[in-house]
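Engineer: Okay, sequence plus prediction incoming.
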Amino acid sequence: MNQRIQGLGNRLAEVSRRDFIKWCSAAAVYLGLPAGMGEKIAEAATAPQRPPVLWLSAQECTGCGETLLRANHPTLETLILDVISLEYYETLNTGAGHQAEEARVEAMKKYEGQYILVVDGSIPVKDDGIYCKIGGKTALSLLEEMGSKAFATIAIGSCSSWGGVPSADPNPTGATPVHQIFKDKGIKTPVVNIPGCPPNPYNFLGTVLYFLTLKKLPELDAELRPKFAYGRLIHENCERRPHFDAGRFAKQFGDEGHRQGHCLYMLGCKGPETFNNCPAILFNDVGSGAWPVGTGHPCFGCSEKGVGFHAPLHSPARPIYVTPPTLYASVFPEQGKGASGTAAALAAGIAGAVIGAGAAMAKNLGKSSEDGGEEK
Amino acid sequence: MDLKRRDFLKMAAGSGALLAAGSHPALAAPRKELPPNAVGILYDATLCIGCQSCMVNCKTFNSVEGGALYPQKEGIPYEFPRPDQRFWDRPVDLSSNTLNVIKAFKTGTGVNKDSETDGYSFVKRHCMHCIDPACVSACPVSALKKHPDTGVVTYSKDACIGCRYCQIACPYNIPKFEWDEALPQIRKCQLCNHRYAEGKYAACCEFCPTGASIFGKVTDLQAEAKRRLSLKEGTYQAYPLQTVDSKHTIPTRVARYLDHVYGLAEGGGTQYLLMSGVPFSSLGLPDLPEEAAAAVSEGIQHTLYKGMIAPAVLLAGLVFSAYRSTKNGDE
Amino acid sequence: MSHHETKAIGGRLLTTTFMAAVALLIVMAVLLAKRFGMGLGAVTNMNDGYAWGLWIAYDVLVGTAFACGGFAMALLVYIFNKGQYHPLVRPAILTSVFGYTLAGVSIFFDIGRYWQFYNIVLPWHINFNSVMAEVALCILAYVVVLWIEFTPALAEGLGQKDTAGKLNKVMFFFIGLGVLLPTMHQSSLGTLMVIAGPKLSPLWQTNLLPVLFLISAITMGYSIVVFESLLGSSAFKRPLETKMLEKLSGVIPWLLIVYLVVRFGEILMNGKLGYVFSFDLKGNMFLLENLLYIVPAVLLFPKEKRSNPGTLFLAAFLILIAGSMYRFDTYLVGFDPGPGWRYFPSASEILITLGVISVEVIGYLIFVKKFPVLPKLGHA
């Protein structure tokens, strides 16, 4: 084992400083930070005091952990060996059982108020949360314990962000997201949600790097998701959007439109109601063939509360527009031309002339009759 | 004053009778019935996502021979063509280049779909194919006709003289004139009647991805509209796609409907029916009386000119009077 | 048709008025070339909401109403057998000929597919439900009838006394027709707007539109006779025909009263008073329009006032303005295709209308100077 770690260390050492700064700069761009921030990210990522991280797994499938293995910049090993100090994560713990639990308690004591808590999986609350236990403790009590002492909490995956698969009707375990439990228990620790099933690893890594660099959490939306990742609908950046705009739809799997790569809306694509950056950063750094829409399957809205695992798979999406874009015709558009200066002047001139001439004429004729200018 | 005052007093009294006659409802022609195989469209604004697929495909499929936009100088008539790039289109309303338009209504922050408060809704506007169309009644040369079987209101440029009375008459401002053409014509939706022979139907329905527009027999559409009004809000129900009798249905969440189907009664009824979550007046659909304006107008004309009897009698009287007075004058 | 003698008044043709009219005619010709070359949108402000503009409202509606002198006088002279007004008939017919012919011609400027206009007379094309079909056919027929009625004057002017005499023998038929046709189409010009339904403001929209249009056309017919006689006498330095005009104008106030009773009766009966006093553009235009009807009715009602040519002229003038306003209001001001639509005639549109009027002026000047239209002086 030692040898393996040594080998890993050597491999990492082969990464030149230039390359390292390069990925830091790329990360800065990805996070929407100024280019100069790349240096700062590099500094933060190489600081001797790495931030401690505790990872709690509740009702989950480890898909969120798996997704991190697919990251290349930084890779998972860079993250956990160089960037953070992963104190506790059941999937990667070297120890097990009481040993592991002791390490968790020790770390919590040592880094109280400083560690970052990552949670994957939803928390069952029904029947006092007996449906998920670790070391004899319910996930609910563990979250309460660990969450109250954390500096910040990152809820990774749809389950911990809004319930995910376990919360699908009829939600037998009472699966509840982290932020909801914090709210119910009065825990003030800030929560960042990184929904997705699984989420894109870079949305998680980006959040961590942002925190390391700026010592604060990125800007969040109303659903507590970082705006840099969840600010736009999938539909807005979708590679198939031009087909949607041109009214070209795949109507059935395998039909002409489907083979032509037309829009998948009619097959139930949830892109128009799902906030995520899938079409922008794609998956696994292998091009567009690796994300659902790219493979020819409609987006099913895995990261969106009330859509993934809730709406029927092939029912049409209800598009979300904050407001309809202004390019739509309004119901009562302004049309036609009003009076131009010339036309108004002309009309007024004619009206004036007619009235003036009429009045003058009437006056003259009136006079002529007084003068006795009568008919023969 | 040589005319007897008494005559004029009689006239004044007669004007009272005129008033009574003019306001009498019996003056209107009888209400017209739906043609036997009337076809039409049901548009459900709560299903519409504003993708404008119908607009694009309306232009595409009406620019072919026989279509309502055919012939054109070059290809598809875009609203703001640029000589180098005939691609983008942004109609502000219906026009002689756009026979079908998706419009957006929004109030307040415009966030909630199909809501009157801080909401928005789309609406698809094109010819309503009235049961008693004002344009058909108005057209002096029968360029606009209502098909006796399908009830589709069609236009023939070979008959049209370009008087634009149809534009004045139509309560929905549907017929559009080519103002910038030296040899202009009227353009209007003809419900893709050129596609029926090949078993096709309105392009706007065929290419609607959500089933917001469905084509079919008007009686079926009326039944479907009533069925939708009876569905429970929030449940997922099967909605037909493309045509009202389609086997292809999609599960769709039932929205909150306004308890009114536009076109069942308005202006004598239309073959284009609309459903919505917001009042139709805010979608630009006029609040029309049940009696078609065409029926009123025709009622007046038919009362005055029935069999040309009244004018013939009047003419006889006038000619006789004129004969008498010119003869007297000659003597 | 020879109660009295008529005579060409002669005199210099190329007066300042004449030359000004010719200038306007040239402007119109240039603008019309643009209209026929580039389409209606190139010169007019008409649009898909306001499909009819100044040309229909003025050239056709007001133009033919101004040309109702012939109709109104024929009604009085031949139908109610008041031969004493005969001297006023021929000049009235002349303005009618010009008014209607030009209205007919200017329709060709306005309609889009003018080269197919003949469809209106092809029985398999005519739509007998269409008010427009009736109006078009009636006006077409009436223009022909008017020219026939005017032919004796033309024939006499060209020295063809025989033709004139022969034609006069069958003239009674055309006179009858010449009363029937305007009765039909002047009322139908009102019916035209019934089908616009709610697009026309309730202040003007009524099933009585044909009645109101007919009565107001007749009042305008008498007024134009009075107006032209006084204007002509003044312009050509001829003695005023006040006696005859005074008697003639006795008809007018009664007609105005009938009109106003029907107009306001309809408003009251259908509870539209709220619209009248809404003090918006439409309400104010309604008030102004009807004030212009009430004032001449009051002016002309006392018999002694009618002997003053000034008062006569003013009353006739106001009635013409009122009738014009009523037509503009019904076709443009009261017409509202829906929110967002705007219309005001473009300068080119106005200039073309001025051109049409100038043609009328030119024609009138040529005819009264070269043909026997106006009563011969010295005749009692």
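Structural biologist: Now that the structure is in, tell me what you want to look at. Residues are numbered from 1 along each chain as shown, chains lettered A, B, ... in the order given.

Engineer: Secondary structure class of the residue of chain A found nearest chain B, three-state.
Structural biologist: Nearest residue of chain A to chain B, counting by Cβ to the nearest Cβ: residue A:247, 3.1 Å away. In short, each C-beta sits where N, CA and C put it, glycine included. Here residue A:247 is recorded as coil under DSSP: H, G, I helix; E, B strand; the rest coil.

Engineer: What count of nearby residues applies to it?
Structural biologist: Other residues within reach of residue A:247, judged by other Cβ atoms under 10 Å in any protein chain shown, total 24.

Engineer: my guess is it meets residue B:59, correct?
Structural biologist: No. Using Cβ atoms under 8 Å, residue A:247 is not in contact with residue B:59, being 9.7 Å away.

Engineer: picking up where we left off before, can you count the residues close to the nearest residue to the residue of chain A closest to chain B once chain neighbours are set aside?
Structural biologist: Once flanking residues are discounted, residue A:247 sits nearest to residue B:53: 3.1 Å by Cβ to Cβ, 6 or more residues apart in numbering or on different chains. Neighbour count of residue B:53, defined by other Cβ under 10 Å: 29.

Engineer: Can you show me the strands along the stretch 51-200 of chain A?
Structural biologist: Counting by DSSP state E, counting those that start in this stretch, the stretch 51-200 of chain A has strands at residues A:52-57, A:85-89, A:116-120, A:123-124, A:133-134, A:137-138, A:152-156, A:175-176, A:191-194.

Engineer: So which elements touch the longest one?
Structural biologist: What it means is strand A:52-57. strand A:85-89, helix A:97-110, strand A:116-120, helix A:139-149 (3 or more Cβ pairs under 8 Å, 6 or more residues apart in numbering or on different chains; DSSP states H and E).

Engineer: Tell me which of the ones you listed is the most buried.
Structural biologist: strand A:116-120 (a mean of 28; mean count of other Cβ atoms under 10 Å in any protein chain shown).

Engineer: In the stretch 51-200 of chain C, what residue lies closest to chain A?
Structural biologist: Here the stretch 51-200 of chain C gets closest to chain A at one residue, residue C:54, 9.0 Å apart by Cβ to the nearest Cβ.

Engineer: my bad, should have said the stretch 251-380 of chain C
Structural biologist: Counting by Cβ to the nearest Cβ, the stretch 251-380 of chain C gets nearest chain A through residue C:310, at 2.3 Å.

Engineer: Work out for me the element that residue sits within.
Structural biologist: Element membership for residue C:310, per DSSP states H and E: helix C:309-328.

Engineer: sorry, back to before: once you drop chain neighbours, what's closest to the residue of the stretch 251-380 of chain C closest to chain A?
Structural biologist: Using Cβ to Cβ, 6+ apart and skipping the chain neighbours, the partner closest in space to residue C:310 is residue A:366 (2.3 Å).

Engineer: quick one: that neighbour and residue C:312 touch, right?
Structural biologist: No. If you go by Cβ under 8 Å, residue A:366 and residue C:312 don't touch, sitting 9.3 Å apart.

Engineer: And the two? Which one has more around it.
Structural biologist: residue C:312 (31 against 17).

Engineer: any idea how far residue B:265 is from residue B:230?
Structural biologist: 19 Å (Cβ to Cβ, to the nearest Å).

Engineer: Who has more neighbours out of those two?
Structural biologist: Between residue B:265 and residue B:230, residue B:265 has the larger neighbour count (other Cβ under 10 Å), namely 14 against 8.

Engineer: Which of the helices or strands spans the residue nearest to the more buried one when sequence neighbours are not counted?
Structural biologist: Leaving out its chain neighbours, the residue that sits closest to residue B:265 by Cβ to Cβ, 6+ apart is residue B:290, at 4.8 Å. Assigned by DSSP H and E, residue B:290 belongs to no helix or strand.

Engineer: need the helices for the stretch 151-300 of chain A, in chain order.
Structural biologist: A:157-162, A:178-185, A:201-214, A:227-230, A:234-237, A:241-245, A:256-259, A:278-281, A:292-295 (DSSP state H, counting those that start in this stretch).
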